[in-house]
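Chemist: build me a model:
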Amino acid sequence: MKIPFAQKTLRELIFFVTIFSFFQSFLFCKKESDPNDDLVKILSLGLYARSCAGQNAFPSNGAVGSLFRYQIAPSFTNSQITTYNAPHQVFPPQTGVTQKNKLSVFYPGTDSSPCEINAILQQGATRGYHVIGLSYPNGEAVNTICNQGSARNDASCFELVRREIVTGESVSPYVAVDSGNAIEGRLLSLLLYLNQTYPGQGWDQFVSGGSIVWSSVYVGGHSQGSGHAAYQGKIRTVGRVSIYSGVTDYSLQTASTPSWLGLSQQAPAGSYYGLIHENDSIANISGNMNQITDVWLNQLGLVGSLTNVNVGSPYGNSKRLVTTNCNGMGILAMHACPMFNGFQNVWNYVSYP
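Modeler: Below you'll find the predicted structure:
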């Protein structure tokens, strides 16, 4: 699908405003974690000051603090991949930390690259997880696709668009993603590449017989990416699903959420967790600021009272967490806020137990 120039320009503007808000958050956003960590966070600013545009254009491998990061272009793992080629971000578990023997895969939101969510990826590696920030076809929001043109009247649009992006099955007339370019195809190609190129790092435990061992995989995502993670929990036996600022799917035509959200899940009961800003109007496109958190409770099985993360871990053992951090910073910053540095304790609870 070709993107009109004006629409593309608007997206580029939104992207740069989001990045500006991201940098702002380090200086001005109230942080959830212990004030004693402030010096470490300030010193880590250098990691995020590097332009992701530069890293995406010229990926390289190297140390990031106590971690080692691989930046691997998807086309390097599968020659059939020619688009959405921003590098995957890959972190083996931190040396000296007990390995979890779990793979955490995280999907960025619309028009974002894994580079922009490095903070949450790094946190997983410090906890002993093998971590991948996956680059995938995410140029257009699912809500945009399914709330315009003939798709507005297609009740199956949301589910089939997600299914095609996730699996590569040719099931939706509104997107064109083959199996090699889909999320799961890209993940498999990357794991096979990592196992061949870096034997002994433990990537082999996540592939068996040419297939992904889903029970050893935790999936998560932000915004559009959270919806793909939630959908995978419906069709794959993933061990955990972490949802940040999503799932946003909502039909403006029928003023309702799509039926796929209520499908039975293959992931274990109680494996879905979520975090959202309580005033996130981008995710809650219906205008009801409880749209997302009600879906969590009623359709995705996230139990517990809505709990502000400021109460501290274990957050009342709730799976439905909200934050008021980043208030007053604008709608883009509030939507991106759960990805900002400073939520490490919350990420541990939601994504990295």
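Chemist: so in the chain, where's the weakest helix or strand by average pLDDT?
Modeler: Taking mean pLDDT, DSSP states H and E as the measure, the chain has helix 38-43 as its least confident helix or strand, at a mean of 30.
Chemist: gap between stretch 223-239 and the chain center?
Modeler: Here stretch 223-239 is found 10 Å from its chain centre; the criterion is Cα atoms, centre = their mean, to the nearest Å.
Chemist: let me see the mean pLDDT of that stretch.
Modeler: Averaged over stretch 223-239, pLDDT sits at 98.
Chemist: what's the neighbour count on the closest residue to residue 278 other than its chain neighbours?
Modeler: The shortest distance from residue 278 to any non-neighbouring residue, by Cβ to Cβ, 6 or more residues apart in numbering, is to residue 322 (4.3 Å). C-beta coordinates here come from the backbone N, C-alpha and C atoms, glycine included. Using other Cβ atoms under 10 Å as the criterion, residue 322 is surrounded by 22 other residues.
Chemist: doesn't residue 322 lie inside a strand?
Modeler: Yes: looking at residue 322 with DSSP: H, G, I helix; E, B strand; the rest coil, it is inside a strand.
Chemist: give the bridge partners for it, please.
Modeler: As for beta bridges, residue 322 partners with residue 276, residue 308 under DSSP bridges.
Chemist: contact partners for the residue nearest the centre of the chain?
Modeler: What sits nearest the mean C-alpha location of the chain, by Cα atoms, centre = their mean, is residue 221, with 1.9 Å. Under the criterion of Cβ atoms under 8 Å, 6 or more residues apart in numbering, the neighbours of residue 221 are 106-109, 227-229, 242-244, 246.
Chemist: list the contacts for residue 294?
Modeler: Contacts here follow Cβ under 8 Å, 6+ apart; on that basis residue 294 touches residue 288.
Chemist: also residue 335?
Modeler: 223, 245, 277, 280-283.
Chemist: could you check the pLDDT of residue 6?
Modeler: pLDDT for residue 6: 38.
Chemist: equivalent analysis for residue 58, please.
Modeler: At residue 58, the model reports a pLDDT of 89.
Chemist: likewise for residue 55?
Modeler: Per-residue pLDDT puts residue 55 at 88.
Chemist: that one contacts residue 118, correct?
Modeler: No: if you go by Cβ atoms under 8 Å, residue 55 and residue 118 don't touch, sitting 9.3 Å apart.
Chemist: any common contacting residues for the two?
Modeler: Residues touching both residue 55 and residue 118 (Cβ under 8 Å, 6+ apart): none.
Chemist: comparing those two, which residue is more hemmed in?
Modeler: Higher neighbour count among residue 55 and residue 118: residue 118, with 24 against 20, using other Cβ under 10 Å.
Chemist: name the helix or strand for the more buried one, please.
Modeler: Per DSSP states H and E: residue 118 is located in helix 118-126.
Chemist: that helix packs against which elements?
Modeler: Packing contacts for helix 118-126, counted by 3 or more Cβ pairs under 8 Å, 6 or more residues apart in numbering; DSSP states H and E, involve helix 45-49, strand 67-72, strand 88-91, strand 103-107, strand 130-133, helix 344-350.
Chemist: list the contacts of that helix.
Modeler: Here helix 118-126 makes contact (Cβ under 8 Å, 6+ apart) with 47-48, 64-67, 69, 89, 91-94, 97, 104, 106, 114, 131-133, 339-341, 343-344, 347-348, 351-352.
Chemist: picking that back up, if any of the contacts of residue 221 are buried, put those into a PyMOL selection.
Modeler: Applied in PyMOL, the following selects the buried portion of the contacts of residue 221 according to 16 or more other Cβ atoms under 10 Å:
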select buried, resi 106+107+108+109+227+228+229+242+243+244+246
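Chemist: want to try a markdown table for the helices and strands packed on helix 118-126, with mean pLDDT and distance to residue 304 as columns?
Modeler: A markdown table is the format used below for the helices and strands packed on helix 118-126 (pLDDT from 0 to 100; distance: least, Cβ to Cβ, whole Å):
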| stretch | mean pLDDT | distance to residue 304 |
| --- | --- | --- |
| helix 45-49 | 35 | 32 |
| strand 67-72 | 98 | 32 |
| strand 88-91 | 98 | 30 |
| strand 103-107 | 98 | 22 |
| strand 130-133 | 98 | 26 |
| helix 344-350 | 98 | 12 |
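Chemist: of the contacts of helix 118-126, buried ones?
Modeler: Neighbour counting with 16+ other Cβ under 10 Å marks 48, 67, 69, 89, 91-94, 104, 106, 114, 131-133, 339-341, 343-344, 347, 351-352 as buried within the contacts of helix 118-126.
Chemist: show me where the protein has strands.
Modeler: Remark: strands assigned in the chain by DSSP state E are 62-64, 67-72, 88-91, 103-107, 130-133, 207-208, 211-212, 217-222, 240-244, 272-277, 307-308, 320-323.
Chemist: could I get those strands as JSON lines with distance to residue 333?
Modeler: Formatted as JSON lines, these follow (distance: least, Cβ to Cβ, whole Å):
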{"stretch": "strand 62-64", "distance to residue 333": "24"}
{"stretch": "strand 67-72", "distance to residue 333": "26"}
{"stretch": "strand 88-91", "distance to residue 333": "22"}
{"stretch": "strand 103-107", "distance to residue 333": "20"}
{"stretch": "strand 130-133", "distance to residue 333": "21"}
{"stretch": "strand 207-208", "distance to residue 333": "38"}
{"stretch": "strand 211-212", "distance to residue 333": "35"}
{"stretch": "strand 217-222", "distance to residue 333": "13"}
{"stretch": "strand 240-244", "distance to residue 333": "14"}
{"stretch": "strand 272-277", "distance to residue 333": "9"}
{"stretch": "strand 307-308", "distance to residue 333": "18"}
{"stretch": "strand 320-323", "distance to residue 333": "12"}
